[in-house]
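# please find the sequence and the predicted model below.
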Amino acid sequence: MTSYLAPAPQPSVRVRAPGKVNLSLRVGPVQEDGFHPLVTIFQAVALYEEVTATQVPVGAGISIAVDGPQADRVPLDETNLAWRAAEALARHTGVEPDVALHVTKGVPVAGGMAGGSADAAATLVACDALWETGLPRAELAVVAAGLGSDVPFALLGHTAVGTGRGDLLTPAMTRGEFHWVFAVSDDGLSTPEVYRRFDELTAGQARDVELADEAPLMHALRAGDPHALGAALHNDLEPAALSLRPELERTLTLAREGGALGAVVSGSGPTVAALARSRQHALAIAATWTAEGAADTVWCTTAPAHGARLLT
Ligand SMILES: C[C@](O)(CO)[C@H](O)COP(=O)(O)OP(=O)(O)OC[C@H]1O[C@@H](n2ccc(N)nc2=O)[C@H](O)[C@@H]1O
Ligand SMILES: Nc1ncnc2c1ncn2[C@@H]1O[C@H](COP(=O)(O)OP(=O)(O)OP(=O)(O)O)[C@@H](O)[C@H]1O
C-alpha cells in the first residue's frame with residue numbers, strides 16, 4: 001500500500017491597503033525634476049486592494065497574478081507596482097527577491113484613486129512580514145516614497161495632509177464617517193499626461209501652494225461636518241482632467257443636481273467623486289449616474305479607512 005503525503009502549504013501573508021480620494025489637491029509650478037510641489041488632503045476610502053505574498057523556493061524570483069474587476073488592464077511583469085515594491089524591499093534589506101504575489105483589485109485601475117500605489121504599499125507590508133525583515137513603518141515609508149508619490153499614503157491610511165510630492169505626510173484629525181460615490185470610467189487617464197495638461201493650462205505659472213488655504217477643509221474634518229467638507233472639496237488638476245475628458249463636466253453636474261454635498265474629480269481622474277449625506281443618498285446619486293449613462297460603473301463606499309494592514 002502506498003501512502004500519500006500532501007505537500008505542506010507554503011507560508012503566505014495577506015495584506016489589505018486602501019484606495020484614496022484627494023479632498024483637496026493644490027498643485028504648484030513644475031520643478032526642474034519634472035514633479036510639482038503639492039499641498040493635498042488625502043482620505044483613504046473603504047475600497048481595498050488585497051495582496052497575498054507566498055514563499056517560493058530560493059532562486060524562484062518574483063511572479064505575479066492579478067484578479068478582480070479590471071484585472072485585464074494591469075501588467076503582469078516587472079512594471080507592475082507590486083513587483084517593483086517587492087524588488088525595492090529586497091534591495092533595501094539585502095534579501096533575495098523570491099516571492100509569489102497575488103493581487104486582488106478592488107480599486108479602479110488608472111482612475112486617480114491610487115490602486116497601483118495601494119498594491120505597492122500592501123506588497124511592502126506583506127513581504128516585510130514574509131521575509132521577516134522587520135522594518136519600522138517609517139523606514140517602509142522611505143522605500144514607499146521611492147516607488148511613487150501616492151504610495152506612502154496607502155501605507156498610512158485614514159486622512160492626512162501631504163506636502164512635497166505628496167509623499168510627506170502628517171495625519172489629520174477627523175470625526176465621523178463620510179459617504180462617497182464614485183463614477184468610474186473604463187478608460188483611465190495617465191497621471192503624467194494630466195500633469196502635462198495642467199502645465200499647458202497654467203503656462204507653467206501656477207500659483208505657489210499654501211497650507212493655509214486648507215483651513216476651512218481641516219475645520220470641516222475636525223467638526224465631522226459633511227456639508228462644510230462638501231463645500232471645501234477642491235482639485236487644481238480638475239481643469240486639466242476636464243480638458244482631456246470634457247464629458248466629466250456632466251457627471252459633476254448630475255451629482256450636484258442630485259444634491260451631492262460636493263463633487264470633484266478624484267486626483268488625476270477620470271473618476272468623479274461625490275460626497276453624499278448618507279448611504280441611501282449615495283445610492284440615489286449612483287442610480288442617476290447609471291440611468292444617464294454618465295459612468296461605466298458606480299462604486300459606493302465610506303471613508304476614512306485604515307492603511308495597509310496584515311490580515312493573516
Ligand atoms: C495625482 C495624485 O494621485 C494626487 O495624489 C498624485 O500626485 C500622483 O501620484 P503617483 O501616481 O504616485 O505619481 P508618481 O508615480 O510619483 O509620478 C508619476 C508622474 O506624475 C507626475 N507628478 C507626480 C507627483 C507630483 N507631485 N508631481 C508630478 O508632476 C510626474 O509627471 C511623474 O512622472
Ligand atoms: N498593481 C497595479 N495596479 C494597477 N495598475 C498598475 C499596477 N502596476 C502598474 N500599473 C500601471 O499603472 C497605471 C496606473 O495605475 P493606477 O491604477 O495606480 O492609477 P491611478 O489610480 O490613476 O494612480 P494615481 O492615483 O496614484 O495617479 C495602469 O494603467 C497600469 O498600466
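Sure, I can see it. Numbers count the residues shown, from 1 in each chain. Ligands and ions are numbered 1, 2, ... in the order given.

# now do the biggest helix by length in the chain: which elements does it pack against?
In the chain, assigned by DSSP state H, the helix with the most residues is helix 115-130. Where contact means 3 or more Cβ pairs under 8 Å, 6 or more residues apart in numbering; DSSP states H and E, helix 115-130 is packed against strand 12-27, strand 38-54, helix 81-93, strand 99-104, helix 137-147, helix 151-156, strand 309-310. Glycine gets a C-beta too; all of them are placed from N, C-alpha and C.

# neighbours of the closest residue to Ala53 other than its chain neighbours, how many?
Using Cβ to Cβ, 6 or more residues apart in numbering and skipping residues adjacent in sequence, the residue nearest Ala53 is Ala126, 3.8 Å away. Residues within reach of Ala126, counting by other Cβ atoms under 10 Å, total 32.

# Ala126 and ligand 1: what is the separation?
Relative to ligand 1, Ala126 is positioned 19 Å away (Cβ to the nearest ligand atom, to the nearest Å).

# show the contacting residues for that residue.
Val13, Arg14, Val15, Val51, Thr52, Ala53, Leu101, Leu310 (Cβ atoms under 8 Å, 6 or more residues apart in numbering).

# pretty sure the fourth one is touching Val15, no?
What that stands for is Val51. Yes - applying Cβ atoms under 8 Å as the test, Val51 and Val15 come out as touching, 5.3 Å apart.

# please list all residues in contact with the closest residue to ligand 2 within the stretch 201-312 of the chain.
Proximity of the stretch 201-312 of the chain to ligand 2 (Cβ to the nearest ligand atom) peaks at Gly267, 4.3 Å away. Neighbouring residues of Gly267 by Cβ under 8 Å, 6+ apart: Lys20, Val21, Asn22, Leu25, Gly112, Met113, Ala114, Asp150, Thr191, Asn235, Leu237.

# same thing but at 10 Å, please
19-22, 25, 40, 42, 111-114, 150, 166, 189, 191, 194, 235, 237-238, 241, 273 (Cβ atoms under 10 Å, 6 or more residues apart in numbering).

# got the CA positions of the longest helix of the chain in CSV?
The C-alpha atoms that make up helix 115-130 are tabulated as CSV, following Å, rounded to 0.1, in the frame of the first residue of the first chain:
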residue,chain,number,x,y,z
GLY,A,115,-4.9,51.4,-6.8
GLY,A,116,-1.4,50.6,-8.0
SER,A,117,0.1,52.5,-5.1
ALA,A,118,-2.1,50.5,-2.7
ASP,A,119,-0.7,47.3,-4.3
ALA,A,120,2.8,48.6,-3.7
ALA,A,121,2.1,49.5,-0.1
ALA,A,122,0.4,46.2,0.6
THR,A,123,3.3,44.3,-1.0
LEU,A,124,5.9,46.1,1.2
VAL,A,125,4.0,45.2,4.3
ALA,A,126,3.4,41.6,3.1
CYS,A,127,7.0,40.9,2.0
ASP,A,128,8.4,42.6,5.2
ALA,A,129,6.4,40.0,7.2
LEU,A,130,7.1,37.0,4.9
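
# for His179, give its distance to Ala228.
According to Cβ to Cβ, to the nearest Å, His179 and Ala228 sit 15 Å apart.

# do the longest helix of the chain and ligand 2 meet?
Yes - using Cβ under 6 Å from any ligand atom, we find that helix 115-130 touches ligand 2 at Gly115, Gly116, Ser117, Asp119.

# what's the pLDDT at the first one?
With respect to pLDDT, Gly115 has a value of 97.

# isn't it up against Val109?
Yes - contact status for Gly115 versus Val109: in contact at 5.9 Å, counting by Cβ atoms under 10 Å.

# okay, these two: which has more neighbours?
Between Gly115 and Val109, counted using other Cβ under 10 Å, the more crowded position is Gly115 (30 against 19).

# just to revisit the earlier point, quick check: the two most widely separated of the contacts of Ala126?
Greatest spatial distance among the contacts of Ala126 (Cβ to Cβ): Leu101 and Leu310, at 15.2 Å.

# re earlier: of the contacts of Gly267, just the buried ones, ChimeraX syntax please.
Those of the contacts of Gly267 that count as buried under 16 or more other Cβ atoms under 10 Å are selected in ChimeraX with:
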select :19,20,21,22,25,40,42,111,112,113,114,150,166,189,191,194,235,237,238,241,273
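
# which secondary structure element is home to the closest residue to Leu221 other than its chain neighbours?
Closest residue in space to Leu221, ignoring its immediate chain neighbours: Thr174 at 4.3 Å, by Cβ to Cβ, 6+ apart. Assigned by DSSP states H and E, Thr174 falls within no helix or strand.
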